[in-house]
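Q: Would you be able to build a 3D model of this:
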Amino acid sequence: DISIVEAMLIEDDGRTRTVQTILDPDGQDAFHVRILSRDSGTDGDWTLHLSGRIAFEDPATPLTSLREAQQVCSVPVPLDELASGSSQALGEISLDVSAQEADGDGIHPVLLDGCLQAAAAAMPDAAGDRMYLPVGIGAFSLHHAAPSRCFSHVRVRAGAGAVVHADVTVYASDGAVLAT
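A: Below you'll find the predicted structure:
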């Protein structure tokens, strides 16, 4: 479980911020995590930006296969390489060669952000002009390192009040599940 408590704004005014990440053990394969920051060179209070728990667990079973997601999400939307269905969306995300970093064991942050952005196309029509921002991640499992091109299948489900929950499955081009 991860909660974004307060956004960390980085202004283009020349000021720098000191950022610290704190991991406290919580059992054999888990940690409590906090990310805090403050203006560099000050003794001011730290601002909490993120708190949560990270655990190393067995990967979850994907909600569907890539082929099933392609069949359900067949209605084109006005974005390149994105299709939507009933409270679902399937997006193809790729990194520009200049944005790639040699991180063979994970997923590039820009690629992960693109996978989450596909949720906007999955919102039901009732959302109207509302804007939704991600404020937490219930669980994240990385099953395999992500290549520079992948597919993101998003299923939106109801939440309480104005909160909406979405399940995201990231696939490789061959249909292998990369992350849930």
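Q: quick one: secondary structure of the residue lying farthest from the centre of the chain?
A: Farthest-out residue of the chain from its mean C-alpha position, per C-alpha atoms, centre = their mean: D43, at 32.7 Å. Assigned with DSSP: H, G, I helix; E, B strand; the rest coil, D43 falls in the coil class.
Q: what's the distance between it and I22?
A: Distance of D43 to I22, computed by C-beta to C-beta, to the nearest Å: 18 Å. Every residue, glycine included, has its C-beta placed from N, CA and C.
Q: Following the one helix or strand in the chain whose mean pLDDT sits lowest in sequence, what is the next regular element?
A: Of all the helices and strands that make up the chain, strand 75-76 has the lowest average by mean pLDDT, DSSP states H and E, namely a mean of 53. Heading C-terminal from strand 75-76, the first helix or strand you meet, by DSSP states H and E, is strand 82-85.
Q: tell me what that next one is packed against?
A: Helices and strands touching strand 82-85, by 3 or more C-beta pairs under 8 Å, 6 or more residues apart in numbering; DSSP states H and E, are strand 75-76, strand 88-94, helix 119-122.
Q: Now render those as a markdown table, adding distance to A139 and mean neighbour count.
A: Below are the helices and strands packed on strand 82-85 laid out as a markdown table (distance: least, C-beta to C-beta, whole Å; neighbours: other C-beta atoms under 10 Å):
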| stretch | distance to A139 | mean neighbour count |
| --- | --- | --- |
| strand 75-76 | 29 | 12 |
| strand 88-94 | 19 | 23 |
| helix 119-122 | 16 | 22 |
